[in-house]
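Participant: Sequence and predicted structure below; questions after.
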Amino acid sequence: MIGGPTASGKTELALALARRLGGEIVSADSRQLYRDLQAGTAKPRREGGCVEAIPYHLIDCLELSEAFDAGRFAGMARGLCEEIRARGKLPILAGGTGLYLRAFLEGLPQMPQRHPPLRLRLEQECRERGRGWLHQRLSRVDPAAAARIPPGNIQRLIRALEVWELTGKPISSLWDGPRKGEDGALVLKIEWPPRALATRILERARATWPGLLAEARKLAAQGRRSEPGLESLGYREALLCARGELAPEKAFAALLRATLAYAKRQRTWFRRQLNGVVIPGGSPEEMLEKALAAVAAVLRPDAGGALGPHGLRAAASVLAPIGNCVGCQVLRAAASGCERTGAHGELSWAPSAASVLAPRRQVLAAVRAWAGPS
């Protein structure tokens with residue numbers, strides 16, 4: 001799993017790892033799900049469901065009018081991961097929507113089903129009275145949820161009020177309920193110094209603004225205004241500009257402020273809420289090398305210089321199969337750096353990130369020679 005703030009290089013790193021380790025990518029970006037949003041979502045270009053010949057899932061799945069939540073994402077992502085593993089590939093989740101990543105890892109408490117008529121009423125109240133009013137109402141019935149849900153997040157506000165009206169219980173009281181998550185994922189967190197990240201965000205904003213504004217003008221001409229998909233970062237400002245309610249330079253400045261503020265929240269969230277291996281921002285080659293070293297470190301023994309049965313089981317939960325034996329599941333990235341030693345045939349570890357760079361065929365041959373058929 002690869003997480004990090006916007007413009008941190010998640011997609012590039014995911015593609016590089018997928019090429020090197022034989023993987024398929026599952027997007028964990030709540031905005032890339034929408035078909036009609038292109039320029040403002042940094043969505044990779046796909047051909048036949050692939051990016052650079054690598055399968056890339058959960059992109060262009062929804063209409064702008066469709067709502068989507070973390071629970072639905074987690075279920076779809078788990079199903080996709082099972083299918084990817086069944087094909088003998090490594091599933092790689094990549095995205096900056098923290099709640100989606102946490103829902104996948106930790107699961108979500110049981111919640112009532114969505115109630116479309118109730119949601120329509122709440123959305124109408126939001127349009128008529130504003131987001132602030134909706135947030136104040138949540139503060140009265142569920143202060144704990146209101147403290148964690150910002151006024152600008154309409155979808156989460158509506159969901160919290162929807163749960164309260166349906167059950168009579170605050171949604172915050174359900175957050176600690178039983179969950180079903182994904183065990184054993186290796187989490188990589190990309191971190192850039194704040195100024196370096198701000199520079200990357202500015203460069204991306206300048207590059208994407210013309211296309212985003214053209215896209216917003218097309219959507220405005222279609223009369224699109226308040227669909228869930230249009231709550232995406234940048235589209236609010238671009239649509240105001242497209243409708244003549246905000247000058248282009250002011251709209252761009254507002255977009256940049258909103259993006260920088262969002263990135264700051266993401267950095268805080270990933271630092272405090274998601275445990276994982278930090279990948280310092282740098283060149284694509286440097287980030288790939290550090291990520292591969294993190295994969296290799298998962299296989300490093302805890303003691304004695306040997307990877308025994310317990311290490312095998314632990315690593316098997318992290319690395320998906322690309323062969324037909326247990327050794328292939330576990331050691332496909334590191335077998336060329338191991339030697340068979342010890343009375344029980346444990347593998348001694350030669351600690352080097354280079355060991356995960358060996359050609360796939362060579363790695364499989366080395367693992368099969370050690371493990372035999374399974």
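Facilitator: Received, thanks. Since this is a predicted model, take the numbers as computed values, not measurements.
Participant: Poorly predicted segments of the stretch 201-350 of the chain, please.
Facilitator: Applying pLDDT under 70 to the stretch 201-350 of the chain picks out residues 299-350.
Participant: let's go with 90 and repeat that
Facilitator: Along the stretch 201-350 of the chain, the model assigns pLDDT under 90 to residues 223-233, 273-275, 294-350.
Participant: Let me see the ranges of the strands in it.
Facilitator: Applying DSSP state E, counting those that start in this stretch to the stretch 201-350 of the chain gives strands spanning 277-280, 306-307, 338-341, 346-349.
Participant: mind listing what the first one pairs with, with the direction of each?
Facilitator: Strand 277-280 has its sheet partners listed here by DSSP bridges as strand 188-191 (parallel).
Participant: Tell me how far the strand it pairs with lies from the chain's centre.
Facilitator: 11 Å (C-alpha atoms, centre = their mean, to the nearest Å).
Participant: What lies in contact with that strand?
Facilitator: 1-5, 8-10, 13, 267, 270-271, 274, 276-281, 287, 291, 294 (C-beta atoms under 8 Å, 6 or more residues apart in numbering). (C-beta placed from N, C-alpha, C; glycine too.)
Participant: just stretch 76-87 next, same as before
Facilitator: So stretch 76-87 is contacted by 23-24, 26, 28, 55, 57-58, 90-91, 93, 100, 104, 182, 320-321 (C-beta under 8 Å, 6+ apart).
Participant: so how far is that stretch off the chain centroid?
Facilitator: When distances are taken as C-alpha atoms, centre = their mean, stretch 76-87 is centred 15 Å away from the chain's centroid.
Participant: Looking at stretch 170-182 now, give me its mean pLDDT.
Facilitator: The pLDDT scores in stretch 170-182 average 71.
Participant: Show me what counts as buried in the top helix by length along the chain.
Facilitator: In terms of residue count, the longest helix belonging to the chain (DSSP state H) is helix 194-221. Using 16 or more other C-beta atoms under 10 Å as the test for burial, helix 194-221 gives 197-198, 200-201, 205, 208-209, 212-213, 215-216, 219-220.
Participant: Ok, stretch 109-117 next?
Facilitator: M111.
Participant: now do stretch 268-276
Facilitator: W269, F270, L274, G276.
Participant: Contact partners for A251?
Facilitator: So A251 contacts L213, E237, A238, L240, C241 (C-beta under 8 Å, 6+ apart).
Participant: now that we have those, which one has the most neighbours?
Facilitator: With neighbours taken as other C-beta atoms under 10 Å, the top of the contacts of A251 is A238, carrying 30 neighbours.
Participant: Nearest residue to that one in space, please, no chain neighbours.
Facilitator: A216 (3.6 Å; C-beta to C-beta, 6 or more residues apart in numbering).
Participant: Neighbours of the nearest residue to S65 once chain neighbours are set aside, how many?
Facilitator: Distances taken as C-beta to C-beta, 6+ apart put E227 closest to S65, at 4.7 Å, once the chain neighbours are dropped. By other C-beta under 10 Å, the residues close to E227 number 17.
Participant: looking at it, E227 is touching L64, isn't it?
Facilitator: Yes. E227 is within contact range of L64, at 4.0 Å (criterion: C-beta atoms under 8 Å).
Participant: of all the contacts of stretch 76-87, which two lie farthest apart?
Facilitator: Using C-beta to C-beta, the pair of those lying farthest apart is Y100 and P321, separated by 24.7 Å.
Participant: Which residues does stretch 118-134 contact?
Facilitator: A67, P151, G152, I154, L157, I158, L161, E162, E165, L166, S226.
Participant: Next up, the contacts around the fifth one.
Facilitator: L157 is in contact with C126, R131, L134, H135, L138, I149, P151, counting by C-beta under 8 Å, 6+ apart.
Participant: do the same with the second one
Facilitator: Contacts for P151 (C-beta under 8 Å, 6+ apart) come out as R131, G132, L134, H135, L157.
Participant: Over to it. Which of the three states is it?
Facilitator: coil (DSSP: H, G, I helix; E, B strand; the rest coil).
Participant: how far away is it from G132?
Facilitator: 6 Å (C-beta to C-beta, to the nearest Å).
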